[in-house]
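Enquirer: Could you work out the structure for the sequence below:
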Amino acid sequence: MRVKLNKAVKMFFGNSSLEMVYFEAIANALDADATKINIEISINSSSQPETLRIKIEDNGAGFTDDRFKKFCNLFDVDETSHKGLGRLVYLHYFENVNVLSIFNETSKREFIFTEDFGEDDYTIDSIEKAENGTTLMMSNYILSKIAKHEYIQVKYLKNRILEEFYSRLYLLKKAKKEINISIKSTIEGYEASELLSTDDMLELEEVKLDKSLSLIDTFTLYYSIEEVINEPPSIITAISVDNRTQKIDIISPENLPMGYKMVFLLYSDWFIGKVDATRQVLTISDHEKQSVQKIFREKVATLINEKIPKIVERNKETKEILTNNFPHLSGYFNEDDIGYISQNEVLKKAQDKFFTAQRKILGANKLSEEQYEEAIELSARALTEYILF
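Expert: Okay, the predicted model is just below:
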């Protein structure tokens, strides 16, 4: 890997977050068919970020010759779902990543991944038969501080790992593969731990959507709407892109039904490869994203209305309130949005439609009878708005 790694790190991961270190290590472990992943975090004090250590172990296939060769060459991937860059994020946060890997049960490879790393910088030894696996020990934290304390909190990390890999972990669960991800921390002497297991994941229902963005690729939705007691409402709405999830906003927090935990995951071959090299940004146009969002929201709304009938009544009441408070926008509200996006956004969309209609009339050189009637109506609406506000 004789390239300027320091420049590559800054170029691709300058806007990354520390949680991406965990994501990349977990993705690599799952690629290596690991079923157990252990994450250990230690830090003397939040005011001493240089003492941060992260150890990540897995029982995957290990750094075989083929896997090590790919590691040594950026962009060397077998399929479009892999980017060949993720490991660079380690060097954005840590000066050293010590790697110990057992493969083929009798071989041990060791190397230190740094900005000066080269394909010959490793040792390999024969050992007595042992379980395959890889251990990453990250040390010498580079940055002056940890941006968010949550990045080293086990409960937060469990939720974020679940969000990031829900689509992949669920498919593994369906394939009867049990995956366990253990997260432990020692922060200022206090210990905490969490376990994420595919056994604990919700069973999802499957439904085919009758809409798509191409004639070939179809959309499949996996979902769960579960009533809970004494738990805050929660929702995951995401599309599955290259074995990761990309969050798509479908329901604003203010509209979450109380007493329900919901998961909605949208799968399609159409999404393959449609994410940047860092897996942080979807590489689809705004129009395509809006189309996906519209198709996604329509189906989610239908399912929620079926499973939670009281939502239908709530949305009717919301529409009545909006119409009573903003009568000049009556008829411009998108009913499919009410109860799902924020009221401010519903109002903005209606206001934009109202302005568009006004501009169309004002820009006409000559009004037809129909346009004249519309002009009278728009004038009445404008007067109503003036009187109200």
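
Enquirer: Please enumerate the helices of the stretch 51-200 of the chain.
Expert: For the stretch 51-200 of the chain, the helices defined by DSSP state H, counting those that start in this stretch cover 65-72, 88-93, 154-174.

Enquirer: right, so of those, which gets closest to Y372?
Expert: Y372 sits nearest to helix 154-174 of all the helices of the stretch 51-200 of the chain, at 54.0 Å, using CB to CB. In short, each C-beta sits where N, CA and C put it, glycine included.

Enquirer: Check which residues of that closest one are buried.
Expert: The neighbour-count criterion (16 or more other CB atoms under 10 Å) identifies 154, 156-162, 164-173 as the buried residues of helix 154-174.

Enquirer: mind showing which ranges of the protein have poor pLDDT?
Expert: 1-16, 74-86, 278-279 (pLDDT under 70).

Enquirer: Nearest the geometric middle of it, what residue?
Expert: The centre of the chain sits closest to Q246, judged by CA atoms, centre = their mean, with a distance of 3.6 Å.

Enquirer: any chance you could map the strands in this structure?
Expert: Applying DSSP state E to the chain gives strands spanning 36-43, 53-58, 94-103, 107-113, 123-126, 133-141, 180-187, 190-197, 205-208, 220-227, 234-241, 244-247, 260-267.

Enquirer: Which parts of the stretch 251-389 of the chain are helices?
Expert: Counting by DSSP H, counting those that start in this stretch, one finds helices in the stretch 251-389 of the chain at the ranges 286-307, 310-325, 343-362, 369-388.

Enquirer: Could you say which of these is packed most deeply?
Expert: Among the helices of the stretch 251-389 of the chain, ranked by average contacts under mean count of other CB atoms under 10 Å, first place goes to helix 286-307 (a mean of 16).

Enquirer: Give me the helices and strands touching it, please.
Expert: On a contact count with 3 or more CB pairs under 8 Å, 6 or more residues apart in numbering; DSSP states H and E, helix 286-307 meets strand 220-227, strand 234-241, strand 260-267, helix 310-325.

Enquirer: what about the ones you listed, which gets the closest to F296?
Expert: Comparing the helices and strands packed on helix 286-307 by CB to CB, strand 260-267 comes nearest, at 5.6 Å.

Enquirer: Now do that closest one: everything it contacts.
Expert: Strand 260-267 is contacted from outside by 166-167, 170, 202, 204, 219-228, 231, 233-240, 245, 248, 250, 292, 296, 300, 303-304, 308, using CB atoms under 8 Å, 6 or more residues apart in numbering.

Enquirer: again, only using 7 Å
Expert: Applying CB atoms under 7 Å, 6 or more residues apart in numbering, the contact partners of strand 260-267 are 166-167, 170, 202, 204, 219-228, 231, 233-240, 245, 250, 296, 300, 308.

Enquirer: and if you look at stretch 340-350?
Expert: Residues from elsewhere that reach stretch 340-350 (CB under 7 Å, 6+ apart): 250-252, 254-255, 297, 301, 322, 326, 329, 332-334, 337-338.
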